[in-house]
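Peer 1: Quick one, structure for this:
(2 chains)
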Amino acid sequence: MSLRERLGLRSDRVWLALPAVALTVIFFVVPIILMGRISLTEHVSGGAYVKGTWSWEGYRSFLTNSLYLKTFFYTLWVSLLASAVCLALSYPLAYWMNRARPRLRVVLIFAVIVPLWTNLLVLLYGWLIMLSPRGVINLWLMDSGLRDTPMRVVYNTSGVVIGLVQITMPYAVLILAAVLAGQDPALVEASRNLGATRSKSFLRVTLPLSMPGIASAATVVFVWAMGEYATPQLLGSTRNRFVSQEVSEQMLSAFNWSRGAALAITLFCLIIVVLMLVQAGLRVAARRTQM
Amino acid sequence: MTEPSSTGVVEAAAEEAAPASAGAAVPDLEVRDLVKRYGANTVVDRVSFSLATGEFVSILGPSGCGKTTTLRMIAGLEQVTGGTVFIKSRDVTRLPPEKRNTAMVFQSYALFPHMNVLDNVAFGLRMRKLGRAEARERAREALARAHLEGFDERKPSQLSGGQRQRVAVARALAVRPDVLLLDEALTNLDRRLRQDLQLELKRLQQDLGITSLFVTHDQEEALTLSDRVIVMEEGRIAQVDEPSTVYDRPSSVFVAGFIGESNRFVGSVAQLLEDGYCEVRTAQGATVIGHGAVEAVGQKCAAVVRPRNITLALGPVEGLNALPGEVVVWGYKGDSYEYIVALDEGQQVKIMVPRRDASPEKGDRVWAAFAPDDVYILAHED
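Peer 2: Purely as a prediction, here's the structure:
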């Protein structure tokens, strides 16, 4: 079988994909290649990078520095945490949506989608207005005497998680709701009929069958979180930073493009590795369950 | 019919046996005045019936007649608006489905796609707190009984439609339910396979003596499988009888029209004759003699005749109803020939004959002849 057949390409239709392919190549593939090239140049003080030179210094300089490595681990850890929190909140909502009466379902879907129409910065400043140490909630808590000191929920890890969950939850809910809607309702009925209680039916039938949706929702949240810049910048602490903040710092303040590009390329590769691991895991699970 | 055949004796014996089992002390399943309403819409309206131990009963009706809803209320998958469900004389009306010990075979089979065949069948046993080994052992037995050996490790997606259906039946039988509920369980199979599985299902059901309620819209299937048939129309029970009675003595024009094909002459009772016979004057002015439970001259009624009970004659026939007409179309149906004849009195009748002896062709003049015994007169409005 030729490659063209294997990919299901038919010559007379291929051109339909051309505009999208062209855009991807010009604005994604080419810049990534250029970025990769810059990450391998020498850097001299007083300039961004030296054209035409070859050097591993960009990579070496951060891979041997525990401060930069800590940034990577922090990004990874907070992204995983945000994925877990997001799924824990999204799954019950998606489950409810799927079982709600049609009119309520429309309302719920609308409520889930509205944040998507709102500018990211508006959302994040909204959280700041509500949650910052001198924000609406803290002022109210202290005025009413419930607390003496303000709650510290933003400008730290919890702030970043709150922001990330808020941003990614609509996608997670919609993915999970689609997977749940695809399940034959007779399956749960059959399990009840065969003697399983409501909770047993959920654990033995609904949840295992939701796994592909859970995996793709988790992937979306995780990938989004790994590359996030605005959320940690606005809601995070100044001590723990995300890789993208570091990239920005190197590019714009330290003016070390070699290292900035090296950081960006490493983050890019890390995300791809994680994605491939998830895909491989799913393929193994699928082979085991043959769905 | 003068010949005293041996089959007649067998039929008589069977008729004696049937009431004995139906008269067993406590029915396995009984529903009383079951009602289901969705808002102002009454889907099931005061339905009552009971099933004796080992009995196979079908609920037959067109789609939307409330038969599946009735089945689902018995299984506990649908809330009951009114009435009571008893299983082994225990009131289960308010119990959740898992506490009823019914087993249902779904139209879609509802096999768990993430479990293999053996785990699917063992599922109900595991939920009944059986150990893994024992559950699997009994699941294997059930699969063997359904002629499905060597498929234990397959996933439902790797099975054919007929195999899936067998797994679904095995899964239901494995838990040894008090009542087996089948919801259009054979509908999704092609005709040939469906007929094979009908007989197999019947054999399994009889071997195990399992009380079964079968919902179907396929009248042939219901007649083949059942000890008794419940015909439903618009949420109500239209008739409950043995298959042959439902076919030969339909209680209403609806039942006659739904079970098997029938020709219908609408009119009114013209004259009451002896022995329950009567004469009907059709709206078009023809006269048909038949029998049935009619009360008075002038009563609106319909005379119903099966296509198989009409013969094609080349002239009037003594002692039979014979209506003249002209052949409009005829066709070969595999095991019989089907004619459409336009009667002089105005309406068309369908006639089935086993052979084309007389060989009337399109346009030929014929008489549609049928015995008064084969005509049942049913009360009929409008």
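Peer 1: Every contact and neighbour count from this point should use C-alpha atoms.
Peer 2: OK.
Peer 1: show me what contacts B:Q79?
Peer 2: For B:Q79, the contacting residues are B:K36, B:M73, by C-alpha atoms under 8 Å, 6 or more residues apart in numbering or on different chains.
Peer 1: Now for residue 152, how many residues are close by?
Peer 2: I'll assume chain A. 13 (other C-alpha atoms under 10 Å in any protein chain shown).
Peer 1: The chain in question should be chain B.
Peer 2: Number of residues near B:D152 (other C-alpha under 10 Å) recorded here: 18.
Peer 1: ok so it is a strand residue?
Peer 2: No. Using DSSP: H, G, I helix; E, B strand; the rest coil, the assignment for B:D152 is coil, not a strand.
Peer 1: Residues of chain B that sit close to chain A?
Peer 2: Contacts of chain B with chain A, taken as C-alpha under 8 Å from any C-alpha of the partner chain, map to B:75, B:77, B:97-104, B:106, B:108, B:110-116, B:123-124, B:127-128, B:155, B:157, B:172, B:175.
Peer 1: quick one: B:M352 is in a strand?
Peer 2: Yes. The assignment for B:M352 (three-state DSSP) places it in a strand.
Peer 1: Wait, it touches B:Y337, no?
Peer 2: Yes. Counting by C-alpha atoms under 8 Å, B:Y337 is a contact partner of B:M352 at 5.6 Å.
Peer 1: who has more neighbours, those two?
Peer 2: Remark: of B:M352 and B:Y337, B:M352 carries more neighbours, 22 against 16, as counted by other C-alpha under 10 Å.
Peer 1: What count of nearby residues applies to whatever residue of chain A ends up closest to chain B?
Peer 2: Ranked by C-alpha to the nearest C-alpha, the top residue of chain A for proximity to chain B is A:G195, at 4.0 Å. The number of residues packed near A:G195 is 27, by other C-alpha under 10 Å.
Peer 1: Closest to the centroid, which residue in chain A?
Peer 2: In chain A, the residue lying closest to the centroid (C-alpha atoms, centre = their mean) is A:W224, at 2.4 Å.
Peer 1: and that residue, what element?
Peer 2: Following DSSP states H and E, one finds A:W224 within helix A:207-226.
Peer 1: Is chain B within reach of that helix?
Peer 2: Yes. Using C-alpha under 8 Å from any C-alpha, helix A:207-226 reaches chain B at A:P208, A:L209.
Peer 1: Other residues contacting that helix?
Peer 2: Taking contacts as C-alpha under 8 Å, 6+ apart, the residues outside helix A:207-226 that touch it are A:75-76, A:78-80, A:82-84, A:86-87, A:164, A:168-169, A:171-173, A:175-176, A:179-180, A:183, A:242, A:267, A:271, A:275, A:278, A:282, B:114.
Peer 1: Going through these, which ones are buried?
Peer 2: Among these, those buried by neighbour count (16 or more other C-alpha atoms under 10 Å in any protein chain shown) are A:75-76, A:78-80, A:82-84, A:86-87, A:164, A:168-169, A:171-173, A:175-176, A:179-180, A:242, A:267, A:271, A:275, A:278, A:282, B:114.
Peer 1: out of those residues, which are inside helices?
Peer 2: With helices taken from DSSP state H, the overlap with the buried ones among the contacts of helix A:207-226 comprises A:75-76, A:78-80, A:82-84, A:86-87, A:164, A:168-169, A:171-173, A:175-176, A:179-180, A:267, A:271, A:275, A:278, A:282.
Peer 1: how far away is B:A144 from B:R138?
Peer 2: Going from B:A144 to B:R138 by C-alpha to C-alpha, to the nearest Å gives 10 Å.
Peer 1: which residue ranges form the strands in the stretch 51-200 of chain B?
Peer 2: Along the stretch 51-200 of chain B, the stretches classed as strands by DSSP state E, counting those that start in this stretch are B:56-60, B:82-87, B:90-91, B:102-105, B:179-183.
Peer 1: Is it possible to get CSV of those that adds distance to A:F110, mean neighbour count and mean pLDDT?
Peer 2: Compiled in CSV, those are given as follows (distance: least, C-alpha to C-alpha, whole Å; neighbours: other C-alpha atoms under 10 Å in any protein chain shown; pLDDT from 0 to 100):
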stretch, distance to A:F110, mean neighbour count, mean pLDDT
strand B:56-60, 43, 27, 96
strand B:82-87, 37, 20, 96
strand B:90-91, 44, 13, 96
strand B:102-105, 38, 28, 96
strand B:179-183, 37, 25, 96
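Peer 1: Can I get those in JSON lines including distance to B:P27?
Peer 2: Formatted as JSON lines, the strands of the stretch 51-200 of chain B follow (distance: least, C-alpha to C-alpha, whole Å):
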{"stretch": "strand B:56-60", "distance to B:P27": "12"}
{"stretch": "strand B:82-87", "distance to B:P27": "8"}
{"stretch": "strand B:90-91", "distance to B:P27": "11"}
{"stretch": "strand B:102-105", "distance to B:P27": "14"}
{"stretch": "strand B:179-183", "distance to B:P27": "11"}
